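J.: Take a look and give me a structure for this.
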Amino acid sequence: MFWLKKTELSQESQNVAENCKNEAEELYRSGSHHCAEAVMESIRRKYSPQSPESVVATVSGFGGGSSSGCLCGAVSGGTVAIGMVLNDKKQTTHLTKELHTWFKEQYGVTCCKIIRQENPKGVCQILTGEVAGKIAEMLERRS
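T.: Numbering: from 1, shown residues only. This next block holds a predicted model:
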C-alpha cells in the first residue's frame with residue numbers, strides 16, 4: 001500500500017515538493033489566493049493541469065477555517081486537491097489521514113483560530129506552503 005511506504009524521495013521528487021511549497025507561499029503572499037486556494041492551485045498546476053483553473057473556486061469558502069476559525073483552510077484545500085489528483089476514495093482517505101496526522105505533529109491542532117493565536121503573524125503563509133509541499137511529497141511517494 002503506497003501510503004505506508006516511508007521511502008526516501010529522489011532529488012527530483014524533493015524538488016517538485018519544494019516548488020509546490022514555494023508556489024503556494026507566493027500565491028498566498030501575493031494576495032491573489034488565500035490558504036486553501038493557494039494549496040489547491042499549486043497542486044492542480046503540477047498534478048492535474050488538465051483540470052480547469054476554475055476548480056480552485058471550489059475551495060474558496062475554506063479560507064480562515066471556513067470563515068469560522070475551525071479546520072485550517074490549507075488542510076481543507078489540500079484534502080480536496082488530493083481527491084482531485086487521485087480520484088480514488090480509498091487512497092484519498094489514507095492520504096488525508098496522513099496529512100492531518102502530519103499537520104497535528106507540526107502545529108498541535110488543525111484549528112485555524114488556535115494556530116493563529118499561538119503562532120506569530122505570518123504563520124498562514126508558511127503553513128500554506130508546508131501543506132502544499134507535504135501533499136506533493138505524498139503524491140511523489142506513490143509514484
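J.: can you give me the strands in the chain?
T.: In the chain, no strands are found when defined by DSSP state E.
J.: Not counting the lowest-mean-pLDDT helix or strand in the chain itself, show me its contacts.
T.: With mean pLDDT, DSSP states H and E as the measure, the helix or strand of the chain carrying the lowest mean pLDDT is helix 63-64 (a mean of 86). Contacts with helix 63-64, where a contact means C-beta atoms under 8 Å, 6 or more residues apart in numbering, come from His34, Cys35, Ala36, Glu37, Gly73, Cys112. C-beta: built from backbone N, CA, C; applies to glycine.
J.: now swap in stretch 114-134 and tell me
T.: The contact list for stretch 114-134 (C-beta under 8 Å, 6+ apart) reads 17-18, 20-25, 28-29, 35, 38-39, 42-43, 69, 72, 74-75, 77-78, 99, 102-103, 106-109.
J.: what does stretch 91-110 give?
T.: For stretch 91-110, the surrounding residues in contact (C-beta under 8 Å, 6+ apart) are 1-3, 71-72, 75, 78-79, 82-83, 86, 114-115, 118-119, 127, 130-131, 134-135, 138-139, 142.
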